[in-house]
Structures are given as C-alpha cells and as structure tokens.
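Asker: Generate coordinates for the sequence data below:
(one chain, ligands or ions: 1)
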Amino acid sequence: MPVSEELISKVAEEVGQLLKELSDSAGPSGMEEEVRDIIAREVKDYVDRLEVDALGNLIGIKRGTEGGPKIMIASHMDEVGLIITYIGKDGFLKFTKVGGVSERYLNAQRVVIKTRKGKVLGVIGSKPVHLLKPEEAQKVSPLEELFIDVGASSEEEVKKMGIRVGDRAVLDREFKRMNGYVVTGKALDDRVGCAVLIETLKLLSEKDHNATVYAVATSQEEVGLRGARVAAFRIKPDLGIAVDVTIANDVAGVSESDRVTRLGKGPAIKVMDSGLLVSPRVQEYIIEVAEREGIPYQLEVISKGSTDAAAIQLTREGIVTGAVSIPTRYLHSPVETLNLKDAAYASILLSKLIERANKKDLEKLKGDILKG
Ligand code: ZN
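Answerer: Down below sits the predicted model:
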C-alpha cells in the first residue's frame, strides 16, 4: 500500500523546518559544533544515550529489544568550506579550500568566517573585471587570484576582529523554499541527511523494534570520510547505511541518459559510486522494503564522488553497508536544490527498514560458511 499523502506532507514539512535551521548554520569540516548542537537538541528525546566522540561525531543510541542487530545510520554534518592561510598587510585574506568546493562557485560570494570572537561576514573578491585582459575575463578565476574582503584596511584591524590563520569559512546563503516542496540553499549536502536522521528517529519513537539504532551525525566527511570511519569501528554494526545527497542532473541541456537521478521521484538506493559497490544482497534488502511499503525509489550509479558508506564498508573485516541518497541539483554550490518529499520518503524508508530488521535476516546479508 502506498504511503499516505498526509504522512508524506507532514514529514516533508518537518524536514523543511529542520533544514532551514541546519542549512543556515555554519559547519565547516572539523568545526561542526553548531550543527551538532541542533541535532542533539532535536534527537535527545528519541534516544536512550547521546554522546560526542573524539572526532566530533554525535552518536545517538536507541535500544531495541533483547538480542537484536545493530544498525548504524550515518549523515554528515560538515559542509565544504574555506580556510584562511594568510592575512595581508592591506587587510585582505588569502584562503584555500577545505573539501571539494569549485572555484566556479566562489568568486563574488558572501562568506561567514568562524572566529574565536564569533562570526564575521566577508565577500570573495578578485581583480576587477574591467582590468582583466579579454582572455582572462573568459576564464574562471583561479584560487590564487581570489581573496576575502572583510571590510578592514589593515592586518591589525583584521586581527582585532578576531580573525586568525586557520579560521574556517563557509558560503553565506539563506535557505529558501521555491516552488511547492522544492527548496534551495547551501550545505543541503548533507544537512538534508541530518534532517532525515532526525525524522527517522521521530518516526521510530512510536514503534517497537528489535534492532538497536546508532544514529550518527558524522564529522569531516568532505575531507575524506573521517568521522564515519572511527564511528563504524567503534559501533561495529551488523548493517551500516549512509544518508547523503546524490547527483540530480535533471536540468536543461543534459540528455536523459546522463541525468542519474531526478528530483521528486523518490530517494535513490545506491548501487555504485567511486568508493563503494553495494552488495547485491544489501541492495535487494533495501529495495524490498521500499516495494513492500509502496515507497517510490530510484537506483543510483555514479562514477565520481562517494559518501560515508565507503568508509563504513571497509572498516574492520568489512561491514555490510548500503546507502540511501537524496537527489540534489548543483552540488557543492550555494544554490543546491532538492525536493523535500524525497527526504520524507527516505525517512519513512529507513524507519520501516529498522522496524522490520532482525538478527537472522541481517546475518544472511553477510558472508556464507561453505564448510566447517
Ligand atoms: Zn555529502
């Protein structure tokens, strides 16, 4: 039976509200505390235990019934950002990237710098267009030619504002709703996964389940899946699932066959990315839940990019791992765009999967004993 329109709309609205606060907060890799505080506040009533580990991962544990399996759900808190490398005599800041943000999206953007004295607003400037040679004007400004202007006129003034080398910055762009359930903002990668994590726990709060849930809001995904790696080692789950965004190329000028996923057609069940091949057993297990529950889904095959699932799968002697993705346009740009209903369906899919999971079924997803 399909999921009721009423439930989908309710969950989608809740995701929208959470996403507004999560997207508007600043969480560059390794400095996820602002995002972590929001998630901690939202999940604390739905978990039995809540802790933060040495890498800054937030781990919420919701216990299941005796003898149940362990399921880890991971969504990363960090977003692509910048780090200050040099403060010039004239008050302009040089910077480099933290994570895969493209130069194409940097020039002429507002940024928020996280300093020890609080947030400072800046703009990314470059050589004025009318001073460029014609061939220069055609090109994307390379990183070396960009700088951050915080409105200061000297190094001393910059330092007085609390800015130091090593401070991190993120793009400044307010989250907005567009048409219907379509929304836009920065860092929807992967704040939408964080919102799905929260909603999944909420949906589970009224249910009994055998599995113990480890809801992990991970740190430092954008710089190499670092938080998820240590969290998975510690938890040693029977099943790990990463919730992240994936490429939706369903835009003008892209052929049907290159679109990967589409907005509003349901969450994507991952088959492959550059760091992960989901075992056919796991893929089938997730698909079965979606089909049984009448949840629309898409299949995702991409050759570039990866998620926390890749790190979880290669932990210890290997962990049974899958991934559920939210189709998103313009990834790592200040105008990432997605459909809240896809996130709502993802939350329902995960809660249904957890509700039905038992040790026996999950054991079947692992290897086989052929003799002895
Ligand atoms: Zn991501």
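Asker: any idea how far the spatially closest residue to residue 149 that is not a sequence neighbour lies from the ion?
Answerer: Distance criterion C-beta to C-beta, 6 or more residues apart in numbering; nearest residue to residue 149, sequence neighbours excluded, is residue 125 at 4.7 Å. All C-beta spots, glycine's among them, are computed from the backbone N, C-alpha and C. With distances taken as C-beta to the ion, to the nearest Å, residue 125 is found 28 Å from the ion.
Asker: Ok, residue 84 next?
Answerer: Using C-beta to the ion, one obtains 23 Å as the distance from residue 84 to the ion.
Asker: quick one, what contacts that residue?
Answerer: The neighbourhood of residue 84, defined by C-beta atoms under 8 Å, 6 or more residues apart in numbering, consists of 93, 94, 95, 113, 148, 163, 164, 165, 166, 167, 168, 169.
Asker: Residue 120: what's its closest spatial neighbour, skipping adjacent residues?
Answerer: residue 113 (4.5 Å).
Asker: re the thing from before, name whatever forms a beta bridge with the residue nearest to residue 149.
Answerer: Note on residue 125: beta-bridge partners residue 147, judged by DSSP bridges.
Asker: Could you give the number of residues near it?
Answerer: 16 (other C-beta atoms under 10 Å).
Asker: returning to what we had before: buried subset of the contacts of residue 84, written for ChimeraX?
Answerer: The command below creates a ChimeraX selection of those among the contacts of residue 84 that count as buried (16 or more other C-beta atoms under 10 Å):
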select :93,95,113,148,163,167,168,169
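Asker: Secondary structure for the contacts of residue 84 - can I get that in JSON lines?
Answerer: Conversion of the contacts of residue 84 to JSON lines gives the following (DSSP: H, G, I helix; E, B strand; the rest coil):
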{"residue": "93", "secondary structure": "strand"}
{"residue": "94", "secondary structure": "strand"}
{"residue": "95", "secondary structure": "strand"}
{"residue": "113", "secondary structure": "strand"}
{"residue": "148", "secondary structure": "strand"}
{"residue": "163", "secondary structure": "coil"}
{"residue": "164", "secondary structure": "coil"}
{"residue": "165", "secondary structure": "coil"}
{"residue": "166", "secondary structure": "coil"}
{"residue": "167", "secondary structure": "coil"}
{"residue": "168", "secondary structure": "strand"}
{"residue": "169", "secondary structure": "strand"}
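Asker: The helix or strand of the chain at the bottom of the mean pLDDT ranking: how far from the chain's middle?
Answerer: Using mean pLDDT, DSSP states H and E, helix 134-137 stands out as the lowest-scoring helix or strand of the chain, at a mean of 78. Per C-alpha atoms, centre = their mean, to the nearest Å, the displacement of helix 134-137 from the mean C-alpha position of its chain is 36 Å.
Asker: from the contacts of residue 84, which is closest to the ion?
Answerer: The closest of these to the ion turns out to be residue 168 (C-beta to the ion; 17.1 Å).
Asker: Okay, the residue in the stretch 1-150 of the chain positioned nearest to the ion and residue 306: tell me how far apart.
Answerer: Minimum separation of the stretch 1-150 of the chain from the ion (C-beta to the ion) falls at residue 76, amounting to 5.6 Å. Shown here: residue 76 relative to residue 306, a distance of 12 Å by C-beta to C-beta, to the nearest Å.
Asker: Tell me which of these two has more neighbours.
Answerer: Neighbour count, other C-beta under 10 Å: between residue 76 and residue 306, residue 76 has more, with 31 against 20.
Asker: Leaving out sequence neighbours, find the closest residue to the more buried one.
Answerer: What sits nearest to residue 76 in space, not counting adjacent residues and going by C-beta to C-beta, 6+ apart, is residue 221, at 3.4 Å.
Asker: which residues touch the one you found?
Answerer: 29, 76, 78, 190, 227, 228, 244, 307, 308.
Asker: Now do the contacts for the third one.
Answerer: To tie it back to what came earlier, the one meant is residue 78. 27-30, 32, 35, 99, 218-223.
Asker: buried ones in the longest helix along the chain?
Answerer: Counting residues, the longest helix in the chain under DSSP state H turns out to be helix 5-24. Applying a neighbour-count criterion of 16+ other C-beta under 10 Å, one finds 8, 11, 12, 14, 15, 16, 18, 19, 20, 22, 23, 24 buried in helix 5-24.
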